[in-house]
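Undergrad: I'd like to go over a predicted model; first the sequence, then the structure.
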Amino acid sequence: MSKITRRKAIYLGSTALAATVAAKTLAQPPTLKDYASKKGLIYGSAGAYSKLSQDQEFADRFIQECAILTPENDLKWKHIHPQPNQYNFSRGDWLLKFAQHHRLKMRGHTLVWHSALPNWVKETVNSQTAEATLRDHINTVAGHYRGKIHSWDVVNEAILVENEHPLGLRKTPWFEWLGEDYIELAFRAAAEADPNALLFYNDYGLDYDNNYEEKRRNAVLKLLERLKAKGTPIHGLGLQAHLSGANTRFNAEKLRQFLAYVASLDLKIMVTELDVADQRLPYDHLERDQRVADVYEMYLSTVLDEPNVIGVVTWGLSDRYTWLSGFRPREDKKPVRVLPLDQELKPKLAWESMVKVFQSDSFVLTKPPLIPRSRFLSSISEIA
Ligand code: XIL
């Protein structure tokens, strides 16, 4: 029992109360959000209305571990804007209430994405109407949640180097209709609709030491630089960080350099969708969990060295509910073990690794000097 608790109990003059307070204190050992916050970070998870509203045990655990919630699908176009003149805020509103009631912050995910578009967008929008459609959506959705959202993923996954655009931009419907300016337009509209939210560009494939992801990192940096140069209201980069337990090829130096560049543009960084797929890992739970945990640790221990990183969000909390069961199923069809908690909501080695990283001091005592930008970005020309 802590001193404060003991004093409070004596003051109230009741041993029964003291016991209750003690039991409460003991019943709630520190969780990921507590360890993260001691390091000045926010920790949370994606969560779906369909799960948090139905599974009380899961919702209770979610509240214990998380200080921020990202609606996994409920704010995406096809859910929130199913018809041209119809918005459906019911599930998003439920999640916001849930978050507020339990003192979690909420992220907004996502205002502009090529995926999860309702059919009507591709069927009815054209280059004449695209700008008005996009503005209306952003005004309405970000406006609806104005002042309530910690950070919006304004634009999601705008880079696809294989599309061979000189800047590595993905040929999304919005790009085809509006050209590259759709990105800046989206940030400006979001800033108007919710001046208090942090506005993020969010993308995947920025983590590993290989040629492909190197090109993606360069393309993202180029994009961020251009946006900042134009005075676009953008405040951060979201690293989705969908990692793989079978791939441990990180290069801490390169990753740190990349993040240092992002930070030098006066941008915050957040890990927004972290998970570690367990395809191609052995079935044995201990071996598998260890490997997955190692990847959580390797990645976070490098990323969290960058002082501009403000938080970590995993794409799900428990193996009970994860998109990887469908997106990256195991070859042996056995349940995946990819998140901090197992299906029974018990902490796994991945949870312990995250705690370890949150507790550790940075290994980097002085920040490395930035390599001249021209050298770092040299391979950008190879994209085209
Ligand atoms: C995924 C959800 O987890 C799934 O439930 C859904 O079927 C597809 O989308 N990058 C993103 C997220 O930005 O929105 C995606 O979420 C995962 C990849």
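TA: That came through, no problem. Numbers count the residues shown, from 1 in each chain.

Undergrad: can we go C-alpha only for contacts and neighbour counts from here?
TA: Will do.

Undergrad: so which strand or helix has the closest residue to residue 232 other than its chain neighbours?
TA: Nearest non-adjacent residue to residue 232, counting by Cα to Cα, 6 or more residues apart in numbering: residue 184, 6.2 Å away. Per DSSP states H and E: residue 184 is located in helix 182-193.

Undergrad: What is the host helix or strand of residue 300 packed up against?
TA: Using DSSP H and E, residue 300 sits within helix 285-303. Secondary-structure packing of helix 285-303 (3 or more Cα pairs under 8 Å, 6 or more residues apart in numbering; DSSP states H and E): strand 242-244, helix 252-264, strand 268-277, helix 349-359.

Undergrad: thinking again about what came up before, which helices and strands does the helix holding residue 184 pack with?
TA: Short answer (3+ Cα pairs under 8 Å, 6+ apart): helix 182-193 packs on helix 130-144, strand 151-156, strand 198-203.

Undergrad: Specify the stretch among the ones you listed that is closest to residue 62.
TA: strand 151-156 (19.4 Å; Cα to Cα).

Undergrad: and the closest one, what does it pack onto?
TA: Using 3+ Cα pairs under 8 Å, 6+ apart, strand 151-156 sits against strand 105-112, helix 182-193, strand 198-203.

Undergrad: Tell me which of those lies nearest to residue 54.
TA: Taking Cα to Cα, strand 105-112 is the member of the helices and strands packed on strand 151-156 nearest to residue 54, at 19.3 Å.

Undergrad: tilt between that closest one and strand 268-277?
TA: 90 degrees (axes from the mean of the first three to the mean of the last three Cα atoms, to 10 degrees).

Undergrad: tell me the angle of strand 105-112 relative to strand 198-203?
TA: 60 degrees.

Undergrad: in what helix or strand does residue 40 lie?
TA: Using DSSP H and E, residue 40 falls outside every helix and strand.

Undergrad: ok, now residue 148?
TA: Using DSSP H and E, no helix or strand contains residue 148.

Undergrad: would you turn the helices and strands packed on helix 182-193 into CSV with distance to residue 274 and mean neighbour count?
TA: Below are those laid out as CSV (distance: least, Cα to Cα, whole Å; neighbours: other Cα atoms under 10 Å):
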stretch, distance to residue 274, mean neighbour count
helix 130-144, 24, 19
strand 151-156, 15, 24
strand 198-203, 12, 25
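
Undergrad: so where's the chain shaky on pLDDT?
TA: Scanning the chain for pLDDT under 70 picks out 1-27, 362-384.

Undergrad: And it, split by domain according to the record?
TA: Annotated domains of the chain cover 1-29, 31-378 [automatic domain parsing].

Undergrad: most neighbours per residue, which of those?
TA: Ranked by mean neighbour count, the domains of the chain are led by domain 31-378 with a mean of 19 (mean count of other Cα atoms under 10 Å).
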